[in-house]
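Visitor: Predicted model, plus sequence, below.
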Amino acid sequence: MIYQIIQPHPALKPFVKEYMLIHFDFRGLVGERPSKLLEARAEQSIILYPSGAFTKVNSVLNKRLVIPQPLYKASC
């Protein structure tokens, strides 16, 4: 299991308190795996929206897909 608190870059400190990294490794576990009991609350999540069009690149298939700008604007 990994449980680590990571401090953000100094430029992000006014906006981000900390990052929490949690990772469980269930390989080798015999029987039923434990389930996640509670989902994160909305204030514990971060959602990032692109401000304009961007290009999605798949280097394995050598394909590029231009994703258009969203019709909505995220409010801050």
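Guide: All right, it came through fine.

Visitor: C-alpha only now, for contacts and for neighbours.
Guide: Noted.

Visitor: residues of stretch 52-65 that come out buried?
Guide: Residues of stretch 52-65 classed as buried under the neighbour-count rule (16 or more other Cα atoms under 10 Å) do not occur.

Visitor: Offset the numbering so it begins at 502, please.
Guide: From this message on, residue numbering opens at 502, which makes the last subject stretch 553-566.

Visitor: And it, end to end?
Guide: One end of stretch 553-566 sits 14 Å from the other (Cα to Cα, to the nearest Å).

Visitor: Quick one: end-to-end distance for stretch 555-563.
Guide: Taking Cα to Cα as the measure, stretch 555-563 stretches 17 Å from start to finish.

Visitor: For the helix or strand of the chain with the lowest mean pLDDT, C-alpha coordinates in PDB please.
Guide: One helix or strand of the chain scores below all others by mean pLDDT, DSSP states H and E: strand 520-524, with a mean of 81. What follows is strand 520-524 as a C-alpha-only set of coordinates in PDB (Å, rounded to 0.1, in the frame of the first residue of the first chain):
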ATOM      1  CA  TYR A 520      -2.100  16.000  -3.000                       C
ATOM      2  CA  MET A 521      -2.900  12.700  -1.400                       C
ATOM      3  CA  LEU A 522      -1.800   9.500  -3.200                       C
ATOM      4  CA  ILE A 523      -3.300   6.300  -2.000                       C
ATOM      5  CA  HIS A 524      -2.700   3.000  -3.900                       C
END
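
Visitor: C-terminal to it, what's the next element?
Guide: Sequence order places strand 555-559 as the next helix or strand after strand 520-524, per DSSP states H and E.

Visitor: which helices and strands does that next one pack with?
Guide: Under the contact criterion of 3 or more Cα pairs under 8 Å, 6 or more residues apart in numbering; DSSP states H and E, the helices and strands touching strand 555-559 comprise strand 564-568.

Visitor: what's the angle from the strand it packs on to strand 555-559?
Guide: Between strand 564-568 and strand 555-559, the angle formed by their directions is 160 degrees, by axes from the mean of the first three to the mean of the last three Cα atoms, to 10 degrees.

Visitor: ok, residues contacting strand 564-568?
Guide: Outside of strand 564-568, the residues within contact range by Cα atoms under 8 Å, 6 or more residues apart in numbering are 554, 555, 556, 557, 558, 559.
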